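A.B. asks: sharing a sequence plus its predicted fold:
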Amino acid sequence: MDLIQGTSGASTSAASALSRGAEFDVDLFVIGGGSGGIRAARVASGHGAKVMLAEEYRLGGTCVIRGCVPKKLFVYASRFRDTFDEAAEFGWRLSVPRFDWPSLVAAKDREITRLEGLYGTAQDSAGVEVVRSRAVFEDAHTVRLVKDGRRVRARTILIATGARPELPPFDGIELGITSDDIFDLKTFPRKLVIGGAGYIAMEFAGLFAALGSDVTVVCRGSNVLRGFDEDVRQAVTASYTNRGIKLMLCDSIRRLERPRDQVGGGDRAGSIDVTTEQGGRLVADQVLLAFGRNPNTTSLGLDRAGVKTGTDGSIVVDADSRTSVPNIYAVGDVSNRFNLTPVAIREGHAFADSVFGEKAWQVDYSNVPTAVFSNPEIGTVGLTELEARARYHAVDVYKVRFRPLKAAVTGDCEASLLKVIVDCETDRILGIHIFAEEASEMIQVLAIAVGSGATMKDFMSVMAVHPTLGEEIVAMQTPTVRYDRRDASTPLAPSAAL
Ligand SMILES: Cc1cc2nc3c(=O)[nH]c(=O)nc-3n(C[C@H](O)[C@H](O)[C@H](O)COP(=O)(O)OP(=O)(O)OC[C@H]3O[C@@H](n4cnc5c(N)ncnc54)[C@H](O)[C@@H]3O)c2cc1C
Ligand SMILES: NC(=O)c1ccc[n+]([C@@H]2O[C@H](COP(=O)([O-])OP(=O)(O)OC[C@H]3O[C@@H](n4cnc5c(N)ncnc54)[C@H](O)[C@@H]3O)[C@@H](O)[C@H]2O)c1
């Protein structure tokens with residue numbers, strides 16, 4: 001996150017002279033105070049630019065206010081359930097724990113309000129002028145602040161407006177909620193139906209099930225988490241099913257409606273009837289719509305500025321984050337590259353250094369690690385097995401399923417998964433996929449090795465730290481399976497099917 005990664009004061013460098021002429025009010029106008037915009041504004045100001053930033057909602061953007069941060073706090077809350085259960089096996093005698101949803105929501109609110117304040121202070125001390133208003137384009141150098149109609153002329157404009165939930169058209173969709181709403185529900189949802197099976201669906205399914213909801217995921221595809229490694233997808237499906245989460249595969253939501261008896265205020269008041277395309281009928285307290293996110297480009301006046309968008313509504317940019325208009329740039333989710341906070345931050349930083357600093361650089365998108373904060377977690381970096389087999393002649397797959405030591409006492413039968421994909425010709429590691437407790441922490445560190453071109457021999461030569469989950473990765477000695485396109489006897493199916 002921007003604040004934690006350092007601060008920089010307002011600079012007096014020569015670049016500040018840029019806006020002193022009458023032509024422009026500021027050197028840089030940033031639209032959107034989320035991960036990408038905040039970083040860009042602060043760094044540009046540090047390079048001496050006169051910067052103004054407009055935010056229409058709350059400073060911090062999706063990640064801080066209704067994304068990564070509150071989500072991770074809820075994930076922490078949800079993990080106590082397993083801990084309480086396991087504690088008994090380790091000799092602890094506890095009275096029956098009771099979960100209080102309003103207390104969790106209040107704790108989350110305190111933390112995001114604190115963070116929001118810190119972001120404001122950091123922008124102030126960096127010399128960035130923050131305006132609490134929606135901003136729209138008037139032309140390629142002018143933005144209008146919707147709140148008071150003020151017009152600001154800027155030499156350079158950065159679009160960092162993020163994305164918003166996709167809402168496919170079906171009857172009764174207004175009865176559903178999105179991830180924007182779920183953090184502030186007044187009442188805990190006892191029965192939760194989730195449409196979609198990507199990051200948000202799987203994270204919220206895992207955490208709400210652990211908090212005590214009866215969860216059903218309605219997934220359009222034949223398996224969850226499209227694009228992830230097949231073994232990981234199968235492991236999540238098995239694990240979630242085992243935890244009582246119902247997965248309705250190859251199905252999607254057709255209609256939401258209030259039950260007829262609800263008008264009378266019967267027991268089902270507030271409930272929602274869900275009908276699926278395959279004729280399934282479910283009853284829910286809440287229906288979470290997690291169908292992906294769309295770039296925030298509508299009603300921004302992009303046509304008045306001449307900025308081009310792609311078919312998905314995202315802003316078309318080059319490797320320098322420059323749009324079709326030379327003085328206008330875009331970073332983060334609005335450009336729909338890798339829609340992750342660290343990527344938005346790095347894009348904002350590269351833009352600010354390149355345009356206002358002395359050294360230009362570009363973001364390297366190879367080996368971007370990512371985690372799904374499911375229960376257990378997924379950590380992944382590099383190519384999946386199927387991607388590697390499509391691109392390389394010969395690929396070794398190392399795969400181990402193991403039970404953490406803790407499970408020997410708790411009796412938990414769930415297997416964790418660790419999978420490494422290796423290019424046979426160079427021995428270089430092409431991808432790592434983990435489904436295990438703390439996989440997010442492991443993958444962050446492993447990504448350094450993969451990004452540095454580590455080989456399997458390098459991994460094997462490292463001494464294990466025992467007893468840990470991570471030691472499994474240096475204990476892998478022989479490939480589970482080799483795929484060689486030049487060898488007719490090589491298996492053709494994904495190794496998950498073996
Ligand atoms: C539920 C959820 C969980 C997530 N969890 C993770 C995670 O664990 N890890 C991770 O890496 N990523 C996660 N993400 C993704 C991450 O939040 C985004 O990739 C990241 O926030 C993108 O940053 P951004 O700067 O592009 O946009 P945002 O952070 O969305 O910021 C855009 C800002 O622009 C403002 N804005 C929009 N239009 C205007 C306008 N016209 N004028 C003024 N202001 C405007 C918005 O109010 C918003 O504050 C999650 C997303 C969601 C929804
Ligand atoms: N841990 C993290 O880093 C994290 C967490 C949450 C979100 N995010 C980011 O936010 C983005 C948005 O998350 P998301 O889960 O909404 O999107 P997603 O793209 O991960 O998943 C969308 C899901 O909705 C399904 N879908 C789409 N349209 C549908 C339709 N009409 N009917 C039925 N199903 C449909 C897709 O098949 C997919 O399963 C992610 O792609 C990711 O970039 C990251």
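C.D. replies: It's in. Source: prediction; values computed, not measured. Ligands and ions are numbered 1, 2, ... in the order given.

A.B. asks: pLDDT wise, what is the closest residue to ligand 1 within the stretch 301-450 of the chain at?
C.D. replies: Ranking the residues of the stretch 301-450 of the chain by distance to ligand 1 (Cβ to the nearest ligand atom) places Gly332 first, at 2.0 Å. Using the backbone N, CA and C atoms, a C-beta is placed for each residue, glycine as well. Here, the pLDDT recorded for Gly332 equals 98.

A.B. asks: kindly report the residues of this protein close to ligand 2.
C.D. replies: With the criterion set to Cβ under 6 Å from any ligand atom, the chain comes near ligand 2 through 168, 195-201, 203, 220-221, 226, 252, 290-293, 339-340, 370-373.

A.B. asks: the residue of the stretch 301-450 of the chain closest to ligand 1 and Gly162 touch, don't they?
C.D. replies: Yes - judged on Cβ atoms under 8 Å, Gly332 makes contact with Gly162 at a distance of 6.0 Å.

A.B. asks: more neighbours: those two, which one.
C.D. replies: Comparing Gly332 with Gly162 by other Cβ atoms under 10 Å, the one with more neighbours is Gly332, at 37 against 24.

A.B. asks: so what does the more buried one look like in phi/psi?
C.D. replies: Per-residue torsions, Gly332: phi 80, psi -160 (degrees, to the nearest 10).

A.B. asks: could you check how far it is from His349?
C.D. replies: Distance of Gly332 to His349, computed by Cβ to Cβ, to the nearest Å: 12 Å.

A.B. asks: repeat that for Thr309.
C.D. replies: Applying Cβ to Cβ, the value for Thr309 to His349 is 24 Å.

A.B. asks: and for Thr161?
C.D. replies: Applying Cβ to Cβ, the value for Thr161 to His349 is 18 Å.

A.B. asks: how long is stretch 80-96 end to end?
C.D. replies: The first residue of stretch 80-96 is 12 Å away from its last residue (Cα to Cα, to the nearest Å).

A.B. asks: what is the mean pLDDT for it?
C.D. replies: For stretch 80-96, mean pLDDT is 93.

A.B. asks: which of the residues of the chain next to ligand 2 are close to ligand 1?
C.D. replies: Near ligand 1, judged by Cβ under 6 Å from any ligand atom, the entries from those are Ile200, Asn339, Leu340.

A.B. asks: how about Ile421: what's its closest non-neighbour residue?
C.D. replies: Leaving aside its sequence neighbours, Ile421 sits nearest to Gly431 (Cβ to Cβ, 6 or more residues apart in numbering; 4.1 Å).

A.B. asks: thinking the one you found is in contact with Val420, fair?
C.D. replies: Yes - the pair Gly431 and Val420 qualifies as a contact (Cβ under 8 Å) at a distance of 7.5 Å.

A.B. asks: OK, contacts around the residue most central in space within the chain?
C.D. replies: What sits nearest the mean C-alpha location of the chain, by Cα atoms, centre = their mean, is Leu340, with 4.9 Å. By Cβ atoms under 8 Å, 6 or more residues apart in numbering, the contact list for Leu340 reads Val368, Thr370.

A.B. asks: how does it look with 10 Å?
C.D. replies: Ser35, Cys63, Cys68, Tyr199, Gly332, Asp333, Arg346, Val368, Pro369, Thr370, Ala371 (Cβ atoms under 10 Å, 6 or more residues apart in numbering).
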